[in-house]
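J.: based on what follows, work out the 3D shape:
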Amino acid sequence: MTLIEQLAAVVGAGHVVTGADMTRYSRDWMGKYAGAPVAVVRPGTTAEVAACLRAAAAVGVAVVPVSGNTGLVGGTMTNGGLMISLERMNRIRDLRADTRVVVAEAGVILSRLHEAAEAEGLYFPLWFGARGSAMLGGVLSTNAGGSNVLRYGSTRALCLGVEVVLADGRVLDLMSELHKDNSGYDLKDLFIGAEGTLGIITAAVMKLVPAPRAHATATVAARSLPDALVLLNRMQEATGGRVEAFEFMPATYSRRLAVARPDLGLPFADIPDVTILIEAATTVPREAVPDETGAVPLVTLLEDVLGELLDAGLITDAVVAQSEAQRRAMWARREAAAEIGVGLTPVVDTDVCVPLDKVETFLDTVLARLEAIDPGLTSLTVAHLGDGNLHFSAFPTRDDADLKDRVLEIVENVVAELRGSFSAEHGIGLSKLNSMSRRKNPVAIEVMRAIKQALDPANRMNPGKVIPQ
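T.: As a prediction, the model looks like this:
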C-alpha cells in the first residue's frame, strides 16, 4: 500500500487530508510561511499517532506535528513531509479538583481548559491572546509564556507529566502526577519546548490553581521604567506576591493602538511615555469580599499603593478598574498587540528577554543604534515587564534583506551585551535558526544535536527546525 492508503487504514479515509483541503494547515496564521505537505493525517488516539509514525518511518517521510497553528516562527511548515494534526485528540481525560490537576490530550484548546477548571472553582493560569485557538500540544511544544508568567511560570512550570510518541512509534509514558520525582534525568523537560523535533506530545498532566475570588487591575502612567519597577515591587510586597501581570506599553504602542483600534479607546487624554497594566488577584476571602462601603480590600490596597507613588511623583496618573467590564477593556488594549501590527511592512519581529532592570537600557540602546544605520526606522514594542520579555518590532525604511539582517543583528548584540536571550516565548522554528547559529552557546548546540541524534537518528521529526544544520 502507498503511505496514503496505510494512513487511511489506520485513521479512516475521512481523516487523511490531501490536495486543496490542506490549505488551512499548510499556511501559518500570519501568512508568512507556506508549505506543501504530502498529506495531513488526523489521528484520534495515541495508538493511531504511533501507527502513523511507524508508517512514515517505513517509507522515510518526515513528520511535522500541528496543533492550533497559531505559532509565529514557522515551526509547522514542511515541503514533502507528513503533517500530523492533533485536533481530534481533544479529550479532557480527567480533572481532579482535590489534587488540582487536569489530564488532557494535545488537541484540547486552551480556552476549554480554562472553562473546565472554572467549573470546578479552579484556574488554569496560562493566559494569552490566542487562547481560543491554541492547543495544549502546541503550547507545550513551544513552552509558551503569556501574561501570567510573573506569578505562575511558563508552560513548563505548569506541567507535571507528558505522553510522547517517539520517531519510531514507541510511546513514552511520562504521565506523572508527582511534584517530586528524583529518579534520573527529567525527560519530560526535553520535549517541552522542543517543537516536535524529538517526538509528538499527545497528552499531558497540568497543574491547576484556586480560582481568584477578586482581581485588582489598573492602567498606570509611570514616569519611567525604573519607576514602574518600584510599583511592581511595592505591590508584590503589599500583596505577598499576588501580582499576576505587569505589562508595559510605550507611547509608540498607544499611538498605533489609537490608529488601528480606535474603538478600544485610550486610558489617558495625553499619551504617556510609559503605560503599565498591573493586575493582582487573591483567593483570600477577607481580601475579596466587599466591605460595608462596597470596596474590595485588594482593590483598596492597590489604590493605596498607587496613591503613595503618585505623592512621590513616580507615577503621574492611574485608572483603577471598578468593574469586570472595565477590567476587560483594559486587557483588550493589551491583547490587541498582534492585531495592530498586522500589515506594517517591512518588519523585523523579535521576541527577546533581558533582566528586569535592563529593559529601559535595551530600548534606549537598540533604538539609538538602529537610528544610526537607518534614519527614519520606526518601532513597536509591548512587553511582559514583570519577566523582562519584550516583543520588539522594527520597521526599516526599505525592504532590503541585508538591512533587515543588520537590524536583527543589532537587536541580538544588545541582548547579548545585557546577558539576555534572543528567544523568550515564541520558540525557534525556522525564523530564529540564524540567531541560534550566532548566539547559542556552541557546546549547548552540540548537546542538542546529540540528543536529537539519539532520539531521531534519521532526522525525520520536524527536520530543519530549532537546531541549526
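
J.: how near is Gly388 to Ser379?
T.: The spacing between Gly388 and Ser379, counted by CB to CB, to the nearest Å, is 18 Å. All C-beta atoms are positioned from the backbone trio N, CA, C, and that covers glycine.

J.: hmm, I typed the wrong one, I wanted Val366.
T.: In this structure, Val366 and Ser379 are separated by 8 Å, where distance is defined by CB to CB.

J.: more crowded one of the two?
T.: With other CB atoms under 10 Å as the criterion, Val366 and Ser379 differ in neighbour count, and Val366 comes out ahead with 25 against 19.

J.: the more buried one touches Glu409, doesn't it?
T.: No: taking CB atoms under 8 Å as the definition, Val366 is not a contact partner of Glu409, at 11.1 Å.

J.: dump the helix or strand containing Cys52 to CSV, keeping only the CA atoms.
T.: According to DSSP states H and E, Cys52 maps onto helix 46-59. Taking Å, rounded to 0.1, in the frame of the first residue of the first chain, the C-alpha atoms of helix 46-59 are listed here in CSV:
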residue,chain,number,x,y,z
THR,A,46,-2.3,7.9,20.9
ALA,A,47,-2.2,4.4,19.3
GLU,A,48,-3.2,5.9,16.0
VAL,A,49,-0.4,8.6,16.3
ALA,A,50,2.1,5.8,16.9
ALA,A,51,0.8,3.8,13.9
CYS,A,52,1.1,6.9,11.7
LEU,A,53,4.7,7.5,12.8
ARG,A,54,5.6,3.9,12.1
ALA,A,55,4.1,4.1,8.6
ALA,A,56,6.0,7.3,7.9
ALA,A,57,9.2,5.8,9.2
ALA,A,58,8.8,2.8,6.9
VAL,A,59,9.0,5.0,3.8
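
J.: quick one: residues in contact with it.
T.: By CB atoms under 8 Å, 6 or more residues apart in numbering, the residues outside helix 46-59 that reach it are 3, 6-7, 10-11, 41, 43, 62-63, 82, 84, 86, 89, 163, 165-171, 200, 202-203, 458, 460.

J.: would you mark the buried spots in it?
T.: When neighbours are counted by 16 or more other CB atoms under 10 Å, the buried residues of helix 46-59 are found to be Thr46, Glu48, Val49, Ala50, Ala51, Cys52, Leu53, Arg54, Ala55, Ala56.

J.: tell me the spacing between the second one and Ala58.
T.: From Glu48 across to Ala58, the span is 16 Å (CB to CB).

J.: which among the buried residues of helix 46-59 gets closest to Val274?
T.: Comparing the buried residues of helix 46-59 against Val274 with CB to CB picks out Val49 as the nearest, at 47.3 Å.

J.: would you check that Ser133 makes contact with Ser67?
T.: No: counting by CB under 8 Å, Ser133 does not reach Ser67; the two are 9.2 Å apart.

J.: still on that earlier bit, between Val366 and Ser379, which contacts overlap?
T.: When CB under 8 Å, 6+ apart defines a contact, the residues bordering Val366 and Ser379 alike are Phe392.

J.: contact partners for Ala288?
T.: Each residue near Ala288 by CB under 8 Å, 6+ apart is listed here: Pro212, Arg213, Ala214, Thr282, Val296, Pro297, Leu298.

J.: so which pair among the residues you listed is furthest apart in space?
T.: Using CB to CB, the contacts of Ala288 reach their maximum pairwise distance at Pro212 and Pro297, which is 13.5 Å.

J.: separation between the most centrally placed residue in the chain and Ser423?
T.: Nearest to the centroid of the C-alpha atoms of the chain, with distances taken as CA atoms, centre = their mean, sits Ala144, at 3.3 Å. If you measure Ala144 against Ser423 using CB to CB, the figure is 12 Å.

J.: show me where the stretch 351-469 of the chain dips below the pLDDT cut-off.
T.: Within the stretch 351-469 of the chain, no stretch falls below the threshold (pLDDT under 70).

J.: run through the helices of it in chain order.
T.: Listed in chain order, the helices of the stretch 351-469 of the chain (DSSP state H, counting those that start in this stretch) span 359-373, 401-417, 433-439, 442-455.

J.: only the buried residues of the second one, if you could.
T.: In this case it means helix 401-417. Neighbour counts over helix 401-417 (16+ other CB under 10 Å) mark Leu403, Lys404, Arg406, Val407, Leu408, Ile410, Val411, Glu412, Val414, Val415 as buried.

J.: so how far is Thr99 from the fourth one?
T.: This means Val407. Using CB to CB, we find Val407 at a distance of 49 Å from Thr99.

J.: and Asp311, how far from Phe268?
T.: 19 Å.

J.: tell me which of these two has more neighbours.
T.: In terms of neighbours (other CB under 10 Å), Phe268 is the more surrounded of Asp311 and Phe268; the figures are 15 against 9.

J.: for that one, give me the pLDDT.
T.: Looking at Phe268, its pLDDT is 97.

J.: what does stretch 417-428 contact?
T.: 71-73, 75, 141-146, 149, 154, 193, 195, 350-355, 358, 361-362, 365, 388-390, 411-412, 415-416, 432, 435-436, 439, 465-466.

J.: okay, domains of this protein per the record?
T.: 3-85, 92-210, 214-337, 343-426 (automatic domain parsing).

J.: so which of these comes closest to Lys452?
T.: Comparing the domains of the chain by CB to CB, domain 92-210 comes nearest, at 6.3 Å.

J.: what mean pLDDT does that closest one have?
T.: The predicted model assigns domain 92-210 a mean pLDDT of 96.

J.: again with stretch 21-37
T.: Across stretch 21-37, the average pLDDT comes to 85.

J.: how long is it end to end?
T.: Distance across stretch 21-37, first residue to last, is 11 Å (CA to CA, to the nearest Å).

J.: next, the buried residues of that stretch.
T.: The neighbour-count check on stretch 21-37 (16+ other CB under 10 Å) flags Met22, Tyr25, Ser26, Arg27, Asp28, Tyr33, Gly35, Pro37 as buried.

J.: just give the closest residue to the second one, not the sequence neighbours.
T.: Spatial nearest neighbour of Tyr25, excluding adjacent residues (CB to CB, 6 or more residues apart in numbering): Val40 at 4.8 Å.

J.: repeat that for the fourth one.
T.: Counting by CB to CB, 6+ apart, Arg27 lies nearest to Ala34, which is 4.9 Å off, once chain neighbours are set aside.

J.: show me which of the contacts of helix 46-59 are buried.
T.: Burial by neighbour count, judged by 16+ other CB under 10 Å, picks out 3, 6-7, 10-11, 41, 43, 62-63, 82, 84, 86, 89, 163, 165-167, 169, 200, 202-203, 460 from the contacts of helix 46-59.
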